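Asker: sequence unknown, structure follows:
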């Protein structure tokens, strides 16, 4: 894995930067690491092969979580899905789709037991 | 030709017509799509943002598929990328052992045999069959929204060109529909920006759709639930910001299904109430 030489190639292709999200020399240097479209053009553009995906995720783990992320994570920890699935089977029926058995919440709790929201 | 259809949260929750039309079209092409009971979130952008444990949840889905002896077809970009990323990482024997000890607690194991392909990849591998099934060539001008994570990061996706993907153009061209070139064709839709900034998400969507409509498109074709979530479910807010951004959203298999001569009901277009000008 390469190291960032702060050339700015990642910024040039970043949609968040193009739309005004304050960014330092590279997309990894910005303060708000959550306002990211996750399109990962930055990774393709980087001439040094910097592991932007993992560095970005590691940086997020050190910072404070935005409320929307907290909610998504809470849903996953509680139900196994990133959003509430109430009523999903009634809608499926309307489309003549079969009912799908949901993951058991206790399975998710075992799999993600170290993930905690404070 | 038997595959397990991984819906992901977004399609399961909001886009039954994407599922319905994907099943209808792939069934025409000879596939038997099985429902993925007890699937869970792929971990998405959420769990990796707080913990390395994300891989256990991704691997859980792969292990379920392996137990059924089936390869997986995905419908959204991020699900595709997360499941492929987990698959790649699990080539490391030490990590695989660690993941398997966690999976054992839920009576599963994973050896690494499952292939994950996005719908686009499956369609691309079946171009000849698609060609043979086109019964009603479409007289429609469409703009395309290429699903970012099906192509990027390329070391994970290993499919098509990461900056200027061609697969979707090649498949849509088979339907007879005219594909318009528009300035922002290869830009990300920006849907995920909605999570932390509604305004940024809406303005990305508005500028893309306005660019597509200005180029003469009558619909935007998507092959990811996240793109549809922005373009379709936020259409009213987008229109409020930019009246010229009014454009219906069609899922790729709905477009293919129309060209195959399938009915609106078979493609879920009756319930969605999509009118194509």
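Answerer: That came in fine, so what should we check first? Small disclaimer: the values here were computed from a predicted structure and weren't measured. Numbers count the residues shown, from 1 in each chain, chains lettered A, B, ... in the order given.

Asker: which ones are touching the residue in the stretch 101-250 of chain B that chain A sits nearest to?
Answerer: Relative to chain A, the nearest point of the stretch 101-250 of chain B is residue B:188 (3.5 Å; Cβ to the nearest Cβ). All C-beta spots, glycine's among them, are computed from the backbone N, C-alpha and C. Going by Cβ atoms under 8 Å, 6 or more residues apart in numbering or on different chains, residue B:188 touches A:15, A:37, A:39, A:41, B:148, B:204.

Asker: Give me the three-state assignment for it.
Answerer: Assigned with DSSP: H, G, I helix; E, B strand; the rest coil, residue B:188 falls in the coil class.

Asker: how many neighbours does the closest residue to it other than its chain neighbours have?
Answerer: Distance criterion Cβ to Cβ, 6 or more residues apart in numbering or on different chains; nearest residue to residue B:188, sequence neighbours excluded, is residue A:39 at 3.5 Å. For residue A:39, the count of nearby residues is 26 (other Cβ atoms under 10 Å in any protein chain shown).

Asker: and residue A:39, what does it touch?
Answerer: Residue A:39 neighbours (Cβ under 8 Å, 6+ apart): A:15, B:148-149, B:152, B:188.

Asker: and chain A, what are its domains?
Answerer: What automatic domain parsing lists as the domains of chain A is A:9-62, A:67-111.

Asker: Check chain A for its longest helix and report it.
Answerer: In chain A, taking DSSP state H as the definition, the longest helix is helix A:67-79.

Asker: Just the residues contacting that helix, thanks.
Answerer: Residues outside helix A:67-79 that contact it (Cβ under 8 Å, 6+ apart): A:34, A:65, A:81-85, A:102-103, A:105, A:108-109, A:112, A:115, A:117, B:40-41, B:43-44, B:46-47, B:49-50, B:57, B:195-196.

Asker: Ok, stretch A:96-110 next?
Answerer: For stretch A:96-110, the surrounding residues in contact (Cβ under 8 Å, 6+ apart) are A:76-81, A:85, A:89, A:92-93, B:7, B:12, B:16, B:19-20, B:35-40, B:57, B:60, B:102, B:105-106.

Asker: mind listing which of those residues are in strands?
Answerer: Among the contacts of stretch A:96-110, the ones falling in strands (DSSP state E) are residue B:35.

Asker: mind listing which of the contacts of stretch A:96-110 are in helices?
Answerer: The helices, defined by DSSP H, take in A:76-79, A:89, A:92-93, B:12, B:16, B:19-20, B:57, B:60, B:102 from the contacts of stretch A:96-110.

Asker: And those, which of them are buried?
Answerer: Burial by neighbour count, 16 or more other Cβ atoms under 10 Å in any protein chain shown: within the ones in helices among the contacts of stretch A:96-110 this picks out A:76-77, A:79, A:92, B:12, B:16, B:19-20, B:57, B:60, B:102.

Asker: Show me which residues of the stretch 101-250 of chain B are close to chain A?
Answerer: Within the stretch 101-250 of chain B, the positions near chain A by Cβ under 8 Å from any Cβ of the partner chain are B:102-103, B:105-106, B:148-149, B:152-154, B:162-163, B:187-193, B:195-197, B:200, B:203-204.

Asker: For ChimeraX, write a command that selects the buried ones of those.
Answerer: With 16+ other Cβ under 10 Å as the criterion, this ChimeraX line picks the buried residues out of those:
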select /B:102,103,106,148,149,152,153,162,187,188,189,190,191,192,193,195,196,197,200,203,204
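
Asker: Helices along the stretch 1-150 of chain B, start to end?
Answerer: Taking DSSP state H, counting those that start in this stretch as the criterion, the stretch 1-150 of chain B contains helices spanning B:8-14, B:16-28, B:54-68, B:77-89, B:93-104, B:119-124, B:127-133, B:148-151.
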